[in-house]
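J.: Predicted structure and sequence below. I'll ask about it afterward.
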Amino acid sequence: DGKAAREALDETIDVAILDRHLPDTTGEKIIENARQAGISPPTGFLSSADVSVSATELPADLLLSKPATRERVLEAVNTLYRMNELSALGRRVRAREHRLQFVRETRGPAVETAPAYERADATLDDLQEEWQNELEDRDAWRSLEEAESIDELLADANGITNE
């Protein structure tokens, strides 16, 4: 139930998989409350196969159709856990990719022409470009740090110090 889920969600949780529709609340409300409290584990929502295009905007990193097999839940947990390794922007990109794919798979390819889907896809394009820039900036810094480390190693090997 929602109360138990709210109580269980704390900073020790690495991933969460919630039902979208609980007897006393929704998965969306539970995640909103957790995020307001500074708790933001990668989250999957169990959802009926009858989803609308608006599912692309859910606050979930991953969507699963009900009923979900044990294998599918384990796969989702692994996918969500790996999201902990991403930057916040990288996680947003992967989450939107998953949601768009879920809607496309459950609604069929015709959904891609729906205005809401097209907007969500355009947002994904923007996020991917932003993330690519972030990765390039990070790689540039890493290259610079590596070059400085190599210079230090070479200087040490030659008995030269920068003091």
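T.: Sure, I can see it.

J.: Please enumerate the helices of the protein.
T.: 2-8, 27-36, 70-83, 88-107, 115-157 (DSSP state H).

J.: Can you pull out the low-pLDDT segments for the chain?
T.: Low-confidence segments of the chain (pLDDT under 70): 49, 140-163.

J.: most centrally placed residue in it?
T.: Per C-alpha atoms, centre = their mean, the C-alpha nearest to the average position across the chain is that of Arg91, at 3.3 Å.

J.: ok, the residue nearest to it when sequence neighbours are not counted - contacts?
T.: The shortest distance from Arg91 to any non-neighbouring residue, by C-beta to C-beta, 6 or more residues apart in numbering, is to Met83 (5.1 Å). Using the backbone N, CA and C atoms, a C-beta is placed for each residue, glycine as well. Residues near Met83 by C-beta atoms under 8 Å, 6 or more residues apart in numbering: 15, 42, 61, 91, 94-95.

J.: Which member of those is positioned nearest Ser52?
T.: Nearest to Ser52 among the contacts of Met83 is Ala95, at 17.7 Å by C-beta to C-beta.

J.: Chain neighbours aside, what residue packs nearest to Val15?
T.: Using C-beta to C-beta, 6+ apart, the nearest residue to Val15 is Leu80, at 4.0 Å.

J.: how near is Thr109 to Val103?
T.: Quick fix: residue 109 reads Pro, not Thr. Relative to Val103, Pro109 is positioned 11 Å away (criterion: C-beta to C-beta, to the nearest Å).

J.: Right, I'll call it a day here.
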